[in-house]
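J.: here is my input, please return the structure:
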Amino acid sequence: MSAVEQQTKTFFNEIIVKSKSTISDNKTLSIAALSSSTILFYTLYKYFQNKKEQRVDSNNSQKTSTSTVKQESHELELNEDITIDRIQEITNQILKEIDNQSFQNKTNIGILLINVGTPKEATPYGLWTYLTQFLMYKRIIDTSYWFRLLLVKGMIVPFRFLKSMKHYRAVWLGNKTEKDFKTSENAPLIHNSLKIKEALKEKLIKNNNINYFIELGNRYQYPSIREGLQKLHQVDKCQHILLVPLFPQYSSATVGSFHEECFEVMKDWQVIPNLHFISSFVFYKPWIQALSDKVLKVLEEDFIQLLETNNTIDKKELPILLFSYHGLPDSHVIRGVTERTDLSFCYLTDCHKTTHLVMNHLLSLLKKQFNNDNIDLDFKTSFQSRLGPHPWLKPYTFETIREFAKLKRKVIVVSASFIADCVETNFEIALEGKEEFEEAGGDYFRTVECVNDHPLFINGLVDIVKNYENSFVTNMQ
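T.: Residues are numbered from 1 along each chain as shown. Okay, the predicted model is just below:
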């Protein structure tokens, strides 16, 4: 961390400490004014810092490659003068090996697992920077730049970042010390994404002349898409890069922004490797099977005796499955369908597809396992995380939860728009959702973990890589 950034963080956190007495006296406007005093300084610093980082990214990656990657015999040394004569010399060496049939065409395949992101640390500075970067992106709040700047930095972030920090701290891993809150690996999203990365790495064993390299890339904050791509490109020397979003359903705000950021990073590259973008995988069986298995395990834990009966079961005795998806403004969905009227990438449609695909597979598992064709479950689709006054996709998750509580229905919530558990699942649903349910009079509320590193899903990721390898790599060697 640079000295300037450290000074910025210290200055920012001192303001927050001085503001605590103001907050306790319910003078909310004071914290907004005190916080806003850092906006200009921070914005200018980040602008010039980002420019500097972009300039040195290439150099840093190349320096790293000299210390972490063994130079191949066909690769020029990074510190040597590169001339056409030197390139021809290496080329002649390759041609000689081809002629005597000793040449080995080694292929490196890179996999970038992409997610939206999380604060790097659960501190005032960490939440301020994360929310600012996230909400300032045009695909999140779709309005003019200057209005978005005023809205985000003048209103939303100053009033929201401390509340958001409490949410993240509630689910942050570790012993809840200040040191733990500054450890990025304790963020639930990073923790679970790393588990996916390691599980995939164990499955993708080096095959003949093919090597596999896996990186994480978050659209916002750490580890960034830029960092992941630069490493796969300049350090690992990947000839093929697969870009895999950890979101099953496409939306412009998530997967669309991932792809756009990848293009932004690569636009200045002289060498563009072979690229394979995945935009959605709603119908992908390993994903559906993994999520269905997660739901099945919860049902087996709490309703095994009821499910084992051979009689017709009253659906009201069983829980209703509420499939909760991250919400979007109605306008986002309408614009997407206006561009692609076939609904192939319609977020609303994909969410409902997911619900029905999981329910169909789950019911077939239940009927087969308990030898009872009469088993049936109620289910519903809803949308969470609404922000702002504009219409968002309905029904809203919290309103639906309260309705079920008043009806005295048992509820199991399935977070079906996330692959890895994060603050939206661990806090918003598991903690806030349960609190809303119980306050409305409900007595049974459970949540289903995301698939995370479920073996069925990991095997599905392996198949994606292998299918690409067999189609575009093996036949080209």
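J.: so where is the stretch 1-150 of the chain shaky, pLDDT-wise?
T.: 1-73, 78-79 (pLDDT under 70).
J.: just the strands in it please.
T.: Under the criterion DSSP state E, counting those that start in this stretch, strands of the stretch 1-150 of the chain are mapped to 107-118.
J.: all helices of it, in order?
T.: 3-24, 28-36, 39-68, 84-99, 124-135, 145-151 (DSSP state H, counting those that start in this stretch).
J.: can you check the stretch 251-400 of the chain too?
T.: 257-266, 285-307, 330-339, 347-369, 397-406.
J.: so which of those helices comes closest to residue 170?
T.: With Cβ to Cβ, the closest approach to residue 170 among the helices of the stretch 251-400 of the chain belongs to helix 397-406: 17.2 Å. Yep, even glycine has a C-beta here, placed from its N, CA and C like the rest.
J.: contacting residues around that closest one?
T.: Residues outside helix 397-406 that contact it (Cβ atoms under 8 Å, 6 or more residues apart in numbering): 320, 322, 324, 380, 382-384, 411, 413, 429, 432-433, 436-438, 440-442, 445.
J.: type out the ChimeraX command that picks the buried ones from these.
T.: The ChimeraX selection below is limited to those of these classed as buried (16 or more other Cβ atoms under 10 Å):
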select :320,322,324,380,382,383,384,411,413,429,432,433,436,437,442,445
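J.: okay, the helices of the stretch 251-400 of the chain in CSV with mean neighbour count, distance to residue 457 and mean pLDDT next?
T.: Formatted as CSV, the helices of the stretch 251-400 of the chain follow (neighbours: other Cβ atoms under 10 Å; distance: least, Cβ to Cβ, whole Å; pLDDT from 0 to 100):
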stretch, mean neighbour count, distance to residue 457, mean pLDDT
helix 257-266, 18, 19, 95
helix 285-307, 18, 4, 95
helix 330-339, 14, 26, 95
helix 347-369, 18, 13, 97
helix 397-406, 20, 23, 97
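J.: let's have these in JSON lines, adding distance to residue 165.
T.: Output for the helices of the stretch 251-400 of the chain, formatted as JSON lines (distance: least, Cβ to Cβ, whole Å):
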{"stretch": "helix 257-266", "distance to residue 165": "24"}
{"stretch": "helix 285-307", "distance to residue 165": "29"}
{"stretch": "helix 330-339", "distance to residue 165": "27"}
{"stretch": "helix 347-369", "distance to residue 165": "29"}
{"stretch": "helix 397-406", "distance to residue 165": "21"}
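J.: out of these, flag the one nearest residue 86.
T.: Short answer: helix 257-266, nearest of the helices of the stretch 251-400 of the chain by Cβ to Cβ, at 26.4 Å.
J.: quick one: the closest one to strand 107-118, angle?
T.: 120 degrees (axes from the mean of the first three to the mean of the last three Cα atoms, to 10 degrees).
J.: now helix 257-266: how far from the chain's centre is it?
T.: 15 Å (Cα atoms, centre = their mean, to the nearest Å).
J.: could I have the CA atoms of that helix written out in CSV?
T.: The C-alpha coordinates for helix 257-266 follow below in CSV (Å, rounded to 0.1, in the frame of the first residue of the first chain):
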residue,chain,number,x,y,z
SER,A,257,-20.3,-5.6,-16.8
PHE,A,258,-17.8,-8.5,-16.4
HIS,A,259,-17.4,-8.8,-20.1
GLU,A,260,-17.1,-5.1,-20.6
GLU,A,261,-14.4,-4.9,-18.0
CYS,A,262,-12.5,-7.7,-19.7
PHE,A,263,-12.7,-5.8,-23.0
GLU,A,264,-11.5,-2.7,-21.3
VAL,A,265,-8.5,-4.5,-19.8
MET,A,266,-7.5,-6.1,-23.1
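J.: residue 393 versus residue 402, what's the distance?
T.: 18 Å (Cβ to Cβ, to the nearest Å).
J.: residue 212 too?
T.: 38 Å.
J.: and if you look at residue 219?
T.: 21 Å.
J.: ok, now residue 159?
T.: Taking Cβ to Cβ, one finds residue 159 at 24 Å from residue 393.
J.: who has more neighbours, these two?
T.: Between residue 159 and residue 393, counted using other Cβ atoms under 10 Å, residue 393 has the larger neighbour count: 21 against 14.
J.: tell me the pLDDT at the closest residue to the more buried one other than its chain neighbours?
T.: Leaving aside its sequence neighbours, residue 393 sits nearest to residue 383 (Cβ to Cβ, 6 or more residues apart in numbering; 4.3 Å). Residue 383 carries a pLDDT value of 97.
J.: hang on, residue 383 packs against residue 329?
T.: No. In this structure residue 383 lies outside contact range of residue 329 using Cβ atoms under 8 Å: 10.6 Å.
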